[in-house]
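# sharing a model prediction with you, sequence too.
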Amino acid sequence: MTGTSGLGWPIWFAIANAVLFTAAGTFIFFYHYRMSEDLEQRVDYSFSQSVLRTIIIYYRSLAIPMIIFYFLFVASLWFIQQHIEAPLFAEGRATLPSLLTFAFDLVMRGAFFDFMEHFDIWLTPHRMNHELFWFVVYAFTFRMFYALTLLRLILSFAWIWGKIRLTRDEILDRRSKPE
């Protein structure tokens, strides 16, 4: 499809991605709380190498979708850019490395919340074409997926790390005290 009339497959792919980002972000944000409680109970019950392995596997299983979503977003931008005449960026069409950098910039903006906005820090020279409101909303869903997911992961990791430290210290204190 060339032109901007009608919804071609790249636009449908982007819509599906946006729904996927939103659903996955919501699922991770709320489901992660229950999983975090389960991990906390495991740490309380027994502190062992298998518990650490379970925790690492869990966090790795959350990192994999984040990487996949990053590449899905970049692929959708590439497909959209090839099939519509309206430029996605104010500067015109972007190369694949530029799209990768733009997506990473959105990830960092999601990770650092308003820090990058406040200090006007950019990782890419490309700026969104704000005349394409749907593109702004699509980029926002991608950015918010990372913001919510990373916020939840950081808080959870800090909590679990604290529980592991406390449990480990308790075990070491019990071992060092003579009976």
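Cool, the structure landed. Numbering: from 1, shown residues only.

# determine the longest helix present in the chain.
If you go by DSSP state H, the chain has its longest helix at helix 133-176.

# which elements pack onto the worst-scoring helix or strand of the chain on mean pLDDT?
Ranked by mean pLDDT, DSSP states H and E, the helix or strand of the chain with the weakest confidence is helix 115-118, at a mean of 70. On a contact count with 3 or more Cβ pairs under 8 Å, 6 or more residues apart in numbering; DSSP states H and E, helix 115-118 meets helix 96-111. Backbone N, C-alpha and C define where each C-beta goes, glycine included.

# and the helix it packs on, which residues are buried?
For helix 96-111, a neighbour-count test (16 or more other Cβ atoms under 10 Å) marks 98-103, 105-111 as buried.

# and if you look at stretch 147-159?
Buried residues in stretch 147-159, counted by 16+ other Cβ under 10 Å: Ala147, Leu148, Thr149, Leu150, Arg152, Leu153, Ser156.

# center of the chain - which residue?
When Cα atoms, centre = their mean is applied to the chain, the residue found nearest the centroid is Tyr146 (2.8 Å).

# for the closest residue to that one other than its chain neighbours, give me its contacts.
Spatial nearest neighbour of Tyr146, excluding adjacent residues (Cβ to Cβ, 6 or more residues apart in numbering): Gly110 at 3.2 Å. Residues in contact with Gly110 (Cβ atoms under 8 Å, 6 or more residues apart in numbering) are Phe142, Arg143, Met144, Phe145, Tyr146, Ala147, Leu150.

# if you set the cut-off to 10 Å instead, what comes out?
Counting by Cβ atoms under 10 Å, 6 or more residues apart in numbering, Gly110 makes contact with Met116, Phe140, Phe142, Arg143, Met144, Phe145, Tyr146, Ala147, Leu148, Thr149, Leu150, Leu151.

# confidence-wise, which of the residues you listed comes last?
In terms of pLDDT, Met116 ranks lowest among the contacts of Gly110, with 72.

# what's the spacing between the residue lying closest to it once chain neighbours are set aside and Trp9?
Excluding the flanking residues, the one nearest Met116 by Cβ to Cβ, 6+ apart is Arg109, at 5.0 Å. Here the criterion is Cβ to Cβ, to the nearest Å. By it, Arg109 lies 28 Å from Trp9.
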